[in-house]
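*Asks:* Please find the sequence and the predicted model below.
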Amino acid sequence: MERLSLDAFTKYTFLSGLACAPEDGTPAFLCAKADTGENGYLRDLWVLKDRDAPLRLTGDGKTGAFLWDSADTLLFTSSRSEEGKKKREAGEERTDFYRISLHGGEAEEAFSVPLSVTPLEKVREGVYLLQADWDMRYSKAYTLSGKAKEALLAEKKEDYHVLDELPFYFNGQGFINKRRTALFLYHENSGSLTRITPETFAAGSARLDESREKILYTGESYATKRKNKQGIFVYDIAAGKSRSLLPARTYEIYDAFWQGEQILFLGTDQKRYGSNENAQFYQLNPETGAVSLFAPFEDAVGSSVGSDCRLGDGSSWKMADGRLYFIATIRNASHIYCLDGSGVLTPVLEREGSVDCLDIWNGQLYFVGMQDMKLQELYTCSLRQKELVPLTGFNRGILENVYVAIPEKLSFVNDGVDLDGWVLKPRDFDPKKSYPGILDIHGGPKTVYGEVFYHEMQFWANEGYFVFFCNPRGGDGRGNEFADLRGKYGSIDYDDIMAFCDEVQTKYPQLDKKRLAVTGGSYGGFMTNWIIGHTDRFAAAASQRSIANWIGFGFTSDIGDDFAKDQMGLGKKGNVWNSMEKLWLHSPLQYLDRCTTPTLFIHSDEDYRCPLSEGYQMYAALQQLGVETRMCVFRGENHELSRSGKPLHRIRRLKEITAWFDSHL
């Protein structure tokens with residue numbers, strides 16, 4: 001049995017963006033692979049015609065978003081145009097579109113839009129609904145010419161930021177001050193753009209009705225501070241006017257759908273469990289504006305099963321034949337459910353693993369997922385028979401003859417609550433030998449670990465480590481009450497994790513209790529920081545993209561304003577000035593004078609979720625206290641370093657952590 005290499009992920013194929021052709025259900029999707037030469041990722045468009053072998057339509061690795069333009073033609077964005085590249089380098093915005101036939105041949109240039117856009121839907125022949133990244137200062141450049149345009153583009157290149165909004169930056173998007181997500185109609189014949197949303201409006205989802213005459217969309221307008229409370233609106237294409245159906249003041253809305261004479265929307269008023277409250281299914285009467293709870297659902301819609309073997313996204317729900325099919329995280333796996341027109345919820349697919357995106361066509365379910373401890377593939381099953389059939393084998397050969405540790409489930413009870421954890425045994429495990437171990441803590445905290453392939457964990461198991469991980473309280477998949485960690489960070493969750501460690505050490509006596517390490521990112525980084533200030537049971541730690549100090553976090557994180565107050569349980573009237581003791585109580589920085597654990601810190605300089613300053617505080621404190629420490633800062637990376645960072649940076653990150661553990665264990 002061969003050993004899994006540290007850089008094996010550079011050979012994985014990542015699937016995303018699944019969309020079936022409206023006419024015959026042909027699945028189209030994107031495949032991405034790492035390109036270590038250019039230190040990036042190549043993305044191409046594939047289809048599966050008549051369940052034959054997958055057919056690659058593009059081959060230059062520069063494919064972006066796509067949609068079905070006809071029964072046998074796809075429209076997609078690409079960065080292959082030299083003219084487009086030059087214009088973007090000059091500061092202009094531009095998106096180039098191409099068409100390609102399923103019958104072969106090269107992609108043909110279709111049109112270019114003078115904005116940074118993503119195609120959403122085809123309205124009719126030659127008319128498309130687009131979502132634009134609209135900069136209120138500079139995106140209007142396409143409407144100007146001559147010296148006026150030159151002056152605006154020159155101003156855009158100036159190397160400073162002016163901030164007068166909140167949030168002013170966002171992870172993965174950079175500085176977003178004065179930027180909004182706008183909706184446009186593009187008319188190919190005339191090359192004209194028709195704006196749908198107002199200048200200050202931040203759009204969310206957008207969907208055409210069955211007649212393709214109206215657009216249902218969500219979002220909110222704000223002048224200086226986003227409230228994260230969206231409204232629902234409808235745009236009449238012929239009249240060129242929008243009408244408000246639900247004001248943007250009560251609900252955080254994830255999506256809205258046409259449902260006969262009513263509107264179905266997925267949202268939460270956050271009144272019971274705060275910002276992490278699971279969304280519910282509501283019904284909206286478009287004539288009266290009346291809202292009613294349509295289908296109570298306490299579990300999480302969408303998949304929050306963690307892995308570092310995905311790249312890209314896709315739809316988590318699809319309305320088909322009056323029914324809404326959606327992904328839900330249940331316990332430690334993502335399943336598929338159906339919500340019918342009468343509000344009845346029924347399971348469609350329930351099995352271990354993850355469903356990452358889906359589509360439905362003519363009674364057939366298609367999804368991209370990670371099943372049976374394998375990497376991503378495309379699967380299908382009949383909604384009636386539910387017999388799962390794999391349709392692709394992109395990653396089939398990569399793990400052949402390679403040791404893949406099968407997660408051994410370890411369920412236990414702490415504080416009267418039943419909890420789940422798993423253990424990966426080291427390669428060539430010998431029950432007579434002693435082994436070091438790594439505790440890996442998930443982010444969120446509202447995510448879950450499940451029985452899916454996780455590259456870093458599998459690599460460590462191949463390197464001779466026990467790897468163990470669990471789902472403590474505060475995580476997803478168990479309903480709202482289980483996930484409610486407000487005001488409890490570092491208490492019940494810490495107790496659950498330590499109880500899990502005790503259980504692992506009892507069941508696996510081969511695990512050397514003197515050679516244990518702990519690591520985690522985001523919330524897992526917070527918990528790693530917390531652990532090193534509260535116990536010395538770990539011989540080494542690696543804290544990634546972490547939180548150190550809730551007092552400052554609320555002012556520097558892109559979600560800090562609402563998230564910190566909510567998760568610290570401060571209530572509507574709480575703030576830094578009247579709750580300083582509470583915020584400091586839950587800050588790992590307070591307890592570092594007790595720390596003796598050698599700790600590595602991994603951070604990215606463009607991480608605006610858990611900003612670099614959080615890592616600096618931890619690292620500097622340990623330096624001042626004389627505790628062995630090291631910090632590695634990745635330039636040009638953000639909060640997603642371990643999952644979608646540049647390939648060479650991902651390799652270096654894993655090398656840093658592994659070398660740190662090797663040297664101390």
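*Replies:* Noted; the coordinates are in hand.
*Asks:* Show me where the chain has its helices.
*Replies:* Along the chain, counting by DSSP state H, helices occupy 82-89, 146-156, 455-462, 480-483, 492-507, 523-532, 550-556, 560-567, 580-585, 612-625, 641-644, 647-664.
*Asks:* Which of those has the highest mean neighbour count?
*Replies:* helix 523-532 (a mean of 28; mean count of other C-beta atoms under 10 Å). For every residue, glycine as well, the C-beta is placed using N, CA and C.
*Asks:* mean confidence for it?
*Replies:* The average pLDDT for helix 523-532 rounds to 98.
*Asks:* do the same with stretch 153-173
*Replies:* Mean predicted confidence for stretch 153-173 is 96.
*Asks:* surely Arg212 meets Val123?
*Replies:* Yes. In this structure, Arg212 is within contact of Val123 by C-beta atoms under 8 Å, at 5.7 Å.
*Asks:* Mind checking which of these two has more residues around it?
*Replies:* Neighbours per residue (other C-beta atoms under 10 Å) separate Arg212 from Val123, with Val123 holding more: 17 against 14.
*Asks:* partners of the strand of greatest length in the chain in the sheet?
*Replies:* Longest strand in the chain, counting residues (DSSP state E): strand 241-259. Strand pairing for strand 241-259, determined by DSSP bridges: strand 230-236 (antiparallel), strand 262-268 (antiparallel).
*Asks:* next one: that strand to chain centre, how far?
*Replies:* In terms of C-alpha atoms, centre = their mean, to the nearest Å, the centre of strand 241-259 is found 23 Å from the chain centre.
*Asks:* Restricting the selection to alpha carbons, write it to PDB.
*Replies:* Below are the C-alpha coordinates for strand 241-259, written out as PDB (Å, rounded to 0.1, in the frame of the first residue of the first chain):
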ATOM      1  CA  LYS A 241     -40.200  48.600 -13.000                       C
ATOM      2  CA  SER A 242     -39.700  46.900  -9.600                       C
ATOM      3  CA  ARG A 243     -42.200  46.400  -6.900                       C
ATOM      4  CA  SER A 244     -41.500  45.600  -3.200                       C
ATOM      5  CA  LEU A 245     -43.200  42.500  -1.900                       C
ATOM      6  CA  LEU A 246     -41.500  42.400   1.500                       C
ATOM      7  CA  PRO A 247     -39.500  45.200   3.100                       C
ATOM      8  CA  ALA A 248     -35.900  44.600   4.000                       C
ATOM      9  CA  ARG A 249     -36.200  44.900   7.700                       C
ATOM     10  CA  THR A 250     -37.100  41.600   9.300                       C
ATOM     11  CA  TYR A 251     -35.500  38.600   7.700                       C
ATOM     12  CA  GLU A 252     -32.100  37.400   6.600                       C
ATOM     13  CA  ILE A 253     -33.100  35.800   3.300                       C
ATOM     14  CA  TYR A 254     -31.100  33.100   1.600                       C
ATOM     15  CA  ASP A 255     -33.300  32.700  -1.500                       C
ATOM     16  CA  ALA A 256     -36.900  33.100  -2.800                       C
ATOM     17  CA  PHE A 257     -38.800  31.000  -5.300                       C
ATOM     18  CA  TRP A 258     -42.000  31.300  -7.400                       C
ATOM     19  CA  GLN A 259     -44.600  28.900  -5.900                       C
END
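*Asks:* Pull out the buried residues from it.
*Replies:* By neighbour count on 16 or more other C-beta atoms under 10 Å, the buried set for strand 241-259 is 242, 245-246, 248, 250-259.
*Asks:* still on that earlier bit, I'd like the helices of the chain as CSV, with distance to Thr224 appended.
*Replies:* Formatted as CSV, those follow (distance: least, C-beta to C-beta, whole Å):
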stretch, distance to Thr224
helix 82-89, 29
helix 146-156, 21
helix 455-462, 41
helix 480-483, 31
helix 492-507, 35
helix 523-532, 29
helix 550-556, 16
helix 560-567, 12
helix 580-585, 25
helix 612-625, 23
helix 641-644, 31
helix 647-664, 35
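*Asks:* Buried residues, stretch 134-145. List them.
*Replies:* Trp134, Asp135, Tyr138, Ser139, Ala141.
*Asks:* cool, and stretch 586-598?
*Replies:* His586, Ser587, Pro588, Leu589, Gln590, Leu592, Cys595, Thr596, Thr597, Pro598.
*Asks:* ok, back up a step: out of the helices of the chain, which is closest to Gly59?
*Replies:* Within these, the stretch nearest Gly59 is helix 82-89; the backing value is 17.6 Å (C-beta to C-beta).
*Asks:* How far off centre is the closest one?
*Replies:* 30 Å.
*Asks:* Send me it as PDB with only the CA atoms.
*Replies:* Provided in PDB are the C-alpha atoms of helix 82-89 (Å, rounded to 0.1, in the frame of the first residue of the first chain):
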ATOM      1  CA  GLU A  82      -6.100  39.300 -25.200                       C
ATOM      2  CA  GLU A  83      -8.100  42.400 -25.800                       C
ATOM      3  CA  GLY A  84     -10.100  41.800 -22.700                       C
ATOM      4  CA  LYS A  85      -6.900  41.200 -20.700                       C
ATOM      5  CA  LYS A  86      -5.400  44.600 -21.900                       C
ATOM      6  CA  LYS A  87      -8.600  46.500 -21.000                       C
ATOM      7  CA  ARG A  88      -8.700  45.000 -17.500                       C
ATOM      8  CA  GLU A  89      -5.000  45.800 -17.000                       C
END
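*Asks:* Could I get the average pLDDT for it?
*Replies:* 93.
*Asks:* List the contacts of that helix.
*Replies:* Helix 82-89 is contacted by residues Ser79, Arg94, Thr95, Asp96, Ser112 when judged by C-beta atoms under 8 Å, 6 or more residues apart in numbering.
*Asks:* didn't the third one look like it was pressed against Phe111?
*Replies:* Meaning Thr95. No. Using C-beta under 8 Å, Thr95 makes no contact with Phe111, being 9.4 Å away.
*Asks:* More neighbours: these two, which one.
*Replies:* Set Thr95 next to Phe111 and count neighbours by other C-beta under 10 Å: Thr95 wins out with 25 against 17.
*Asks:* Could I get the contacting residues of that one?
*Replies:* Thr77, Gly84, Ser112, Val113, Leu115, Ser116, Val117.
*Asks:* Narrow these to those in strands?
*Replies:* Thr77, Ser112, Val113, Val117.
*Asks:* Need the residues you listed in CSV (columns: pLDDT).
*Replies:* Below are the ones in strands among the contacts of Thr95 laid out as CSV (pLDDT from 0 to 100):
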residue, pLDDT
Thr77, 98
Ser112, 98
Val113, 98
Val117, 98
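*Asks:* Scan those residues and report the most crowded one.
*Replies:* Neighbour max across the ones in strands among the contacts of Thr95 (other C-beta under 10 Å) = Val117, 25 neighbours.
*Asks:* re the thing from before, dump the contacts of Thr95 into JSON lines; add distance to Gly191 as well.
*Replies:* Formatted as JSON lines, the contacts of Thr95 follow (distance: C-beta to C-beta, whole Å):
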{"residue": "Thr77", "distance to Gly191": "16"}
{"residue": "Gly84", "distance to Gly191": "15"}
{"residue": "Ser112", "distance to Gly191": "9"}
{"residue": "Val113", "distance to Gly191": "9"}
{"residue": "Leu115", "distance to Gly191": "12"}
{"residue": "Ser116", "distance to Gly191": "17"}
{"residue": "Val117", "distance to Gly191": "13"}
